[in-house]
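# would you be able to build a 3D model of this:
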Amino acid sequence: MAGQTADLGEYIAEYHSECPRRITSIDHCRIFDTENRRLLKREQKSRVLLYPGCFNPPHLGHYNVLRRAFEGSQDINVIAAIVLLLDDDSLEAKCEAKGQILVLSRSERAHLWRSDARVLPQWWIYDGSVRDWHWLREDLENAIAIDGFDFQFASVLGPDYISRFESYSGWNWSCHETITSDAGRRSDLDVIITEESVINEFPDHTTLEILTSSLLSQTKKKKKTGKERKAKTTKGTRNKTIWKNKPKYNPKKQKDSQDRPSAGKLTETSCEADVPKRATVKVCHRIGEETVWVRFVPADADPLDISATQIRELAENDTMSSHELCEKLRGLVLSPDMLTEIILARPTY
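Numbers count the residues shown, from 1 in each chain. Sure thing, here's the model as predicted:
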C-alpha cells in the first residue's frame, strides 16, 4: 500500500481466511467500522493489543482489563485491540478439571463479546481457531513490514498471571511487551509509590518507571520538566528497589522513542504527594533486555473481583428461573440477556 497511512482493517480482511480478498465486497467482513478506521502511519510505531483467553463466559472483569489497557496506552500509539478466543477443547479440559460442565462454543463467546454495547469499535473479536490465528498473524506482520510500516503486537494479561513475587519471562503469545491491570481483580502490582517506598519488582526485572495520567495526556503537547533522580537498591534487599528514576535511554537499542513503553517526551517521574494512587501507570523492564517490559495500568475505580468459575457455578444452578438468572448475571457478564438464553437452551440446565 502506497501513501503515508494504511488501513489496518484492510490488511486483516485480506488475510483472514473467512473473508478472502477475491470475494470481499465493500461491506463484507469489515473489521473496524468506517468511522473508526485504524490507520498505520509511516515513521511511527503502531501497536495492537492481543488479548487471548477462554472467556467462558466473557465478563466485566475481562472487559475492564482490556478497556484500561487500551485507554492507558495511547501514549505508545495503541491503535486497536484483538480479542483471541481460545479453542473449545482448551475450555473443556479446564472445566473438566474443575468439575464444571458449562463450555460455551467459540462462536457463542464471540457473539457475547460483539453484542455488548460497551465493547469499543476499535476492538476486533477474532473467532477463528488458534492455529489459523498464527497463520493470519504471520501474514499480517509480513505484509505490513513489506509496505514499510512499523507495527507490533503487545499482549494483555490479567493480574492472576503476573505477580511481583513470581518470575515472568516477559514473553506471552510471542509478544515481548505485556500490559496488565487490576481492573478485573486485585493485583499486588498496585502499590502506593512514594520516594521512600520500597518496591518488590519482578524477579529478573529492573527499574520501575512511573507515569501519571497527567503525563500521559501531555505526550503530544510538551515535555515534563523537573529534577532527575536515580534508582538505588537498599543494602541486602535483592530485587527490591527504591524508586527514583528510570535508566537512561540508549539510542543504540531503539530505533525511535516509541520503541519504549513511554514516549521519549515522558522523561520525568511523578511521585508528588498530590498524585492519586489510581493515576499512576507503572512500567518494569527486563534486565538486559530493555525492549521487554510489563506495563501496569490501574483500574479507574475499585477493582472488580469477578471470576468466570463462580459465574459458571451460578449458571449451572438449575433452581433459578430465567428472570432470576438474568438478574444475577447482570452486572457480572457481557450480554447477560444473550447468555441467559444460551444457558437455558442447553438440555443440561
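# skipping adjacent residues, who's closest to residue 16 in space?
With sequence-adjacent residues excluded and distances taken as Cβ to Cβ, 6 or more residues apart in numbering, residue 16 is closest to residue 136, at 6.0 Å. The C-beta positions use only the backbone N, C-alpha and C, and glycine is treated the same way.
# quickly note the distance from residue 145 to residue 309.
From residue 145 across to residue 309, the span is 40 Å (Cβ to Cβ, to the nearest Å).
# mean confidence score for stretch 90-97?
Stretch 90-97 carries an average pLDDT of 85.
# with just CA atoms, put that stretch into PDB.
C-alpha atoms of stretch 90-97 as PDB (Å, rounded to 0.1, in the frame of the first residue of the first chain):
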ATOM      1  CA  SER A  90      -9.000 -25.800  25.900                       C
ATOM      2  CA  LEU A  91     -12.100 -24.900  27.800                       C
ATOM      3  CA  GLU A  92     -13.400 -28.400  28.000                       C
ATOM      4  CA  ALA A  93     -10.200 -29.600  29.700                       C
ATOM      5  CA  LYS A  94     -10.200 -26.600  32.100                       C
ATOM      6  CA  CYS A  95     -13.900 -27.100  33.100                       C
ATOM      7  CA  GLU A  96     -13.500 -30.900  33.500                       C
ATOM      8  CA  ALA A  97     -10.600 -30.300  35.900                       C
END
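# which residues touch it?
Residues from elsewhere that reach stretch 90-97 (Cβ atoms under 8 Å, 6 or more residues apart in numbering): 54, 56, 101, 102, 103, 104, 312.
# buried residues, it. List them.
In terms of neighbour count (16 or more other Cβ atoms under 10 Å), stretch 90-97 has its buried residues at 90, 91, 94, 95.
# same deal with stretch 55-66?
55, 56, 57, 58, 59, 60, 61, 62, 63, 64, 65, 66.
# what's the answer for stretch 170-179, then?
Buried, per 16+ other Cβ under 10 Å, within stretch 170-179: 170, 172, 173, 175, 176, 177, 178, 179.
# and if you look at stretch 75-95?
Residues of stretch 75-95 classed as buried: 75-86, 88, 90-91, 94-95 (neighbour count, 16+ other Cβ under 10 Å).
# next, give me the two most distant ones among the buried residues of stretch 55-66.
56 and 64 (17.3 Å; Cβ to Cβ).
# so the nearest residue to residue 100 once chain neighbours are set aside is in which element?
Distances taken as Cβ to Cβ, 6+ apart put residue 312 closest to residue 100, at 5.0 Å, once the chain neighbours are dropped. Using DSSP states H and E, the element containing residue 312 is helix 308-315.
# heading C-terminal from that helix, find the next helix or strand.
helix 322-329.
# hmm, who's touching the biggest helix by length in the chain?
In the chain, ranked by residue count with DSSP state H as the criterion, the top helix is helix 130-146. Residues outside helix 130-146 that contact it (Cβ under 8 Å, 6+ apart): 6, 11-12, 14-17, 40, 84, 86-87, 126, 128, 151, 153, 174.
# of the buried residues of stretch 55-66, which belong to strands?
Among the buried residues of stretch 55-66, no member falls in strands (criterion: DSSP state E).
# keep only those of those residues that are in helices.
60, 61, 62, 63, 64, 65, 66.
# tell me the phi and psi of residue 114?
Reported as degrees, to the nearest 10, the phi and psi values for residue 114 are phi -70, psi -30.
# now do the contacts for the closest residue to it other than its chain neighbours.
With Cβ to Cβ, 6+ apart as the criterion, residue 114 has its nearest non-adjacent residue at 5.3 Å, and that residue is residue 125. Residue 125 is in contact with 82, 83, 85, 110, 113, 114, 119, counting by Cβ under 8 Å, 6+ apart.
# isn't the second one up against residue 126?
Yes. With contact defined as Cβ atoms under 8 Å, residue 83 counts as touching residue 126 (6.5 Å).
# circling back: the longest helix of the chain - what's its average pLDDT?
Here the average pLDDT along helix 130-146 is 95.
# strand partners (parallel or antiparallel) of the following helix or strand past it?
Toward the C-terminal end, the helix or strand that comes next after helix 130-146 (DSSP H and E) is strand 151-157. Sheet pairing of strand 151-157 (DSSP bridges) gives strand 46-53 (parallel), strand 177-181 (parallel).
# just say which of those is most tucked in.
strand 177-181 (a mean of 27; mean count of other Cβ atoms under 10 Å).
# show me the shaky parts of the stretch 101-250 of the chain.
Scanning the stretch 101-250 of the chain for pLDDT under 70 picks out 163-166, 187-250.
# hang on, the earlier thing: look up how far residue 55 lies from the residue nearest to residue 100.
Residue 312 is 12 Å from residue 55, by Cβ to Cβ.
# same thing with residue 141?
Residue 141 sits 24 Å away from residue 55 when distances are taken as Cβ to Cβ.
# residue 300 now?
22 Å.
# quick check: domain ranges of the chain?
Split into domains by automatic domain parsing, the chain comes to 191-297, 308-344.
# those helices in the stretch 101-250 of the chain, which residues are they?
Applying DSSP state H, counting those that start in this stretch to the stretch 101-250 of the chain gives helices spanning 106-114, 130-146, 213-217.
# so which of the ones you listed is nearest residue 344?
helix 106-114 (13.1 Å).
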